[in-house]
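Asker: Generate coordinates for the sequence data below:
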Amino acid sequence: RKASVEKMPDIVFHSEGGKYWQVFQPVLRVFDSYGIKYGFVTPDKNDPVFSSGLKNVVPVCPGKEMVTLSYMNNIRAKVVVSTTPDLDVYMLKRSRHVEKYVHLFHAVVDIGIYELYAFDYYDILLCTGAFQKESIRSIEKNRREKPKELFDTGCTYFEYMLDEIRKLPQQ
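Answerer: As a prediction, the model looks like this:
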């Protein structure tokens, strides 16, 4: 489904494709349970979001990766949530029409494996654990940067995995 950049909800999730569904699905399910309307932008026309049955999602596939990046670079929203590091460093740029950018970590790893400026242009980081928060605070202190908002959210795909395990036949 295509949508105008102007018609998206205040909160938009940016996915790099269907392979990230297990990262986003637990979060989207919570938004849905609270009746919060949100957008979901993906370059994958077969992304599971389109068949998810979620009631409050506005799913959009603007086109393949480069078209989707262009769409995201001009999006209008209060908040954009993405798992993509290097915002404003590589192809994914901050839209001047977005108030806050949120990075959702999708791996239980220290930030040292990422490039040096991978999270500099995010406002909020949803961390998988306290170890990430400690590393981020250390970098901010060494660089004398304004502290970002950090939240412990855990690793969302673990929740997805638990749900899948619960669906298995009991032996």
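Asker: Residue 102 is in what secondary structure piece?
Answerer: Assigned by DSSP states H and E, residue 102 belongs to strand 98-104.
Asker: And for residue 35?
Answerer: Using DSSP H and E, no helix or strand contains residue 35.
Asker: contacting residues around it?
Answerer: With contact taken as Cβ atoms under 8 Å, 6 or more residues apart in numbering, residue 35 is in contact with residue 56. All C-beta spots, glycine's among them, are computed from the backbone N, C-alpha and C.
Asker: how far away is it from residue 57?
Answerer: Going from residue 35 to residue 57 by Cβ to Cβ, to the nearest Å gives 12 Å.
Asker: just the helices in the chain please.
Answerer: Ranges of helices in the chain, per DSSP state H, are 21-33, 65-73, 130-143, 156-167.
Asker: Near residue 151, how many other residues are there?
Answerer: 11 (other Cβ atoms under 10 Å).
Asker: For it, give me its contacts.
Answerer: 124, 125, 126, 127.
Asker: Could I get the helices of the chain in a markdown table, plus columns for mean pLDDT?
Answerer: Shown next, in a markdown table, are those (pLDDT from 0 to 100):
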| stretch | mean pLDDT |
| --- | --- |
| helix 21-33 | 95 |
| helix 65-73 | 96 |
| helix 130-143 | 91 |
| helix 156-167 | 78 |
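Asker: Show me just the buried residues among the contacts of residue 151.
Answerer: Among the contacts of residue 151, those buried by neighbour count (16 or more other Cβ atoms under 10 Å) are 125, 126, 127.
Asker: picking up where we left off before, what sits up against the strand holding residue 102?
Answerer: Residues contacting strand 98-104 (Cβ under 8 Å, 6+ apart): 23-24, 27, 75-85, 87, 94, 119, 121-126, 153, 156.
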